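J.: this one's structure only:
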Ligand SMILES: Cc1cc2nc3c(=O)[nH]c(=O)nc-3n(C[C@H](O)[C@H](O)[C@H](O)COP(=O)(O)OP(=O)(O)OC[C@H]3O[C@@H](n4cnc5c(N)ncnc54)[C@H](O)[C@@H]3O)c2cc1C
């Protein structure tokens, strides 16, 4: 159930593991199997058309994977005792029941909508589905407009950046912390400066009200610091929440993060129901706690495990998802941000005693043209010296360099393990002492 990233991946894996199985993918929307992460690039024309983001059409899923795809159809109820689902055809309005032997929930996440009177209807938009992205792209082609983005998370910032590239005036209401606190202040400060230099207004304010112009021609957002931000259009990108109503109403266990509780095999509290992607709660490998980490790599990896385990028969091997360190990257306003593991405040909240170091170092060797400064910010547990997180920011070499932290974070390694890494050196892409090693050395001096 659910057809964007996790659903098709789980269905494909199930069909591969058991070619005899009848695999049905049900999606309430119009589109299935598309690259949601590339949608912001439609707004600037970098991606020329919404169709280009479709990975596999329903026909291709049927022909190449043997999966029957049903779109514009919502699963409205789940009856685990009878192993039945109630589905509604959203075109005809008819409701029917289907039986299942095994069920995989990939219902994803939905945008969190702040409870503000008037923040809906004409000129107020969501940016979550391909259909929404396509219609917003059409609207963005109607001359220069003033856009206000409610939310400074990665979707909000990517939408802001691409609208700005397309020539629009953009204001982001980012609340108190950029990227919803997923980065510490040194990284946030670089990101904020880059966005502002690109002409995007970043406000440390929250939307609290809406005022409409006469005839609805414009809309103004009232902020908690008493300003009115006039706009032609508003995009609400204020984070997401796991879509778990189906699971909750069927009595499946939900976890503290609000996602569907799963084990390492992505099995829910019901023995023949699995969950994967943004609706599922997973294990955070740094805190050891259940967490909601709605990122694409997690969607695919949890889906592979869920699909395999739902379909496997006899002695076929099981699929496992041990957990995540929440690594992600963002490229906006000519700057790369890479993040893995915990911020300083998240580390403290998880019971660690964090010590941090922030350095800047060149991305290439001294005499190489085009070199840029990279900021590295590391978070380390003072007593155990365990590496808890890292953030990188710079015009080049920041995002992919973050990947080097991931295995250390996953294994519970220390900052000394990072310092000991024999990272590559070649003048055109890296200096002889890599910025990550300079940062690790700086932490070691502090503890
Ligand atoms: C603009 C944008 C940019 C992003 N960029 C990145 C990025 O750079 N890196 C990264 O790692 N992640 C990124 N993400 C996040 C990533 O796209 C998600 O983690 C991923 O799409 C999750 O896939 P999913 O299949 O679990 O959920 P979803 O994409 O939410 O899909 C779930 C689907 O289930 C359907 N559904 C729900 N309930 C029912 C029901 N009852 N019946 C039938 N259908 C149902 C929904 O209609 C929906 O289509 C981005 C997301 C967006 C929106």
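T.: Received the coordinates, thanks. Just so we're clear, the structure is a prediction, and the values are computed from it rather than from any experiment.

J.: closest residue of the stretch 151-300 of the chain to the ligand?
T.: In the stretch 151-300 of the chain, the residue that lies nearest the ligand is residue 277 (2.2 Å; C-beta to the nearest ligand atom). Any C-beta I mention is one placed from the backbone N, CA and C, and that applies to glycine too.

J.: now that residue: closest residue in space that isn't a chain neighbour?
T.: residue 6 (2.7 Å; C-beta to C-beta, 6 or more residues apart in numbering).

J.: what's the answer for residue 43, then?
T.: In space, residue 43 is closest to residue 162, 4.0 Å off (C-beta to C-beta, 6+ apart).

J.: give me phi/psi at the residue positioned nearest the centre of the chain?
T.: Nearest residue to the geometric centre of the chain (C-alpha atoms, centre = their mean): residue 295, 3.6 Å. Per-residue torsions, residue 295: phi -130, psi 150 (degrees, to the nearest 10).

J.: show me what contacts it?
T.: Neighbouring residues of residue 295 by C-beta atoms under 8 Å, 6 or more residues apart in numbering: 324, 326, 327, 328.

J.: please name the nearest non-neighbouring residue to the closest residue to the ligand within the stretch 51-200 of the chain.
T.: Ranked by C-beta to the nearest ligand atom, the top residue of the stretch 51-200 of the chain for proximity to the ligand is residue 108, at 2.1 Å. The shortest distance from residue 108 to any non-neighbouring residue, by C-beta to C-beta, 6+ apart, is to residue 278 (4.5 Å).

J.: can I assume that neighbour sits in a strand?
T.: No. Checked against DSSP: H, G, I helix; E, B strand; the rest coil, residue 278 lies outside a strand; its state is helix.

J.: quick check, it in contact with residue 296.
T.: No. Between residue 278 and residue 296 there is no contact under C-beta atoms under 8 Å: 9.3 Å.

J.: which one's more surrounded, these two?
T.: residue 278 (28 against 16; other C-beta atoms under 10 Å).

J.: give me the beta-bridge partners of the closest residue to residue 205 other than its chain neighbours?
T.: Closest residue in space to residue 205, ignoring its immediate chain neighbours: residue 223 at 3.8 Å, by C-beta to C-beta, 6+ apart. Beta-bridge pairing for residue 223 (DSSP bridges): residue 207.

J.: what's the pLDDT at residue 223?
T.: On pLDDT, residue 223 comes in at 97.

J.: so who does residue 419 touch?
T.: Residue 419 is in contact with 437, 440, 441, 444, counting by C-beta under 8 Å, 6+ apart.

J.: immediately after the helix or strand hosting the residue nearest to residue 43, which helix or strand?
T.: Using DSSP states H and E, residue 162 sits in helix 154-165. For helix 154-165, the succeeding helix or strand toward the C-terminus, using DSSP H and E, is strand 169-173.

J.: give me the sheet partners of that following strand and which way each runs.
T.: Strand 169-173 is paired, per DSSP bridges, with strand 146-150 (parallel), strand 201-203 (parallel).

J.: quick revisit: give me every residue that touches the residue of the stretch 51-200 of the chain closest to the ligand.
T.: Contacts of residue 108 (C-beta under 8 Å, 6+ apart): 2, 4, 5, 6, 242, 243, 277, 278, 279.

J.: using a markdown table, please lay out these together with pLDDT.
T.: What follows is the contacts of residue 108, written out as a markdown table (pLDDT from 0 to 100):
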| residue | pLDDT |
| --- | --- |
| 2 | 98 |
| 4 | 98 |
| 5 | 98 |
| 6 | 98 |
| 242 | 98 |
| 243 | 98 |
| 277 | 98 |
| 278 | 98 |
| 279 | 98 |
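
J.: who wins on neighbours among those residues?
T.: That'd be residue 277 among these, by other C-beta under 10 Å, with 33 neighbours.

J.: that residue and residue 8, how far apart?
T.: With the distance defined as C-beta to C-beta, to the nearest Å, residue 277 ends up 10 Å from residue 8.

J.: point out the residues in this protein that sit beside the ligand.
T.: 1-7, 26-29, 36-37, 39-40, 74-75, 106-109, 127-128, 155, 243, 246, 277-278, 294-297, 299, 328 (C-beta under 6 Å from any ligand atom).

J.: narrow those residues to those that are buried.
T.: 1-7, 26-29, 36, 39-40, 74-75, 106-109, 127-128, 155, 243, 246, 277-278, 294-296, 299, 328 (16 or more other C-beta atoms under 10 Å).

J.: restricted to helices, list the residues you listed.
T.: 6, 7, 40, 155, 246, 296, 299 (DSSP state H).

J.: shaky segments in the stretch 251-400 of the chain?
T.: By pLDDT under 70, the stretch 251-400 of the chain has no low-scoring segment.

J.: show me where it has helices.
T.: 296-311, 344-349 (DSSP state H, counting those that start in this stretch).

J.: list the buried residues in the first one.
T.: Within helix 296-311, the residues scored as buried using 16+ other C-beta under 10 Å are 296, 298-311.

J.: for the closest residue to residue 161 other than its chain neighbours, grab the count of nearby residues.
T.: Using C-beta to C-beta, 6+ apart and skipping the chain neighbours, the partner closest in space to residue 161 is residue 332 (3.9 Å). Residue 332 has 22 neighbouring residues, counting by other C-beta under 10 Å.

J.: and what of residue 143?
T.: 8.

J.: cool, residue 240 as well?
T.: Neighbour number of residue 240 under other C-beta under 10 Å is 17.

J.: tell me how far the residue lying closest to it once chain neighbours are set aside lies from residue 153.
T.: Residue nearest to residue 240 in three dimensions, not counting chain neighbours: residue 109, with 3.8 Å by C-beta to C-beta, 6+ apart. Applying C-beta to C-beta, the value for residue 109 to residue 153 is 12 Å.

J.: three-state assignment of residue 16?
T.: Quick answer, by three-state DSSP: residue 16 is helix.

J.: burial measure for it, as a count.
T.: Neighbours of residue 16 (other C-beta under 10 Å): 16.

J.: wait, residue 265 touches residue 320, no?
T.: Yes. Shown here, residue 265 and residue 320 form a contact pair, counting by C-beta under 8 Å, at 6.4 Å.

J.: shared neighbours of these two, anything?
T.: Each of residue 305 lies in contact with both residue 265 and residue 320 under the rule C-beta under 8 Å, 6+ apart.

J.: neighbouring contacts of stretch 6-20?
T.: 1, 21, 23, 25, 27, 32-33, 55-56, 61, 65-67, 102, 104, 106, 108, 274, 276-279, 299-300, 302-304, 306-308, 310-313, 316, 319.
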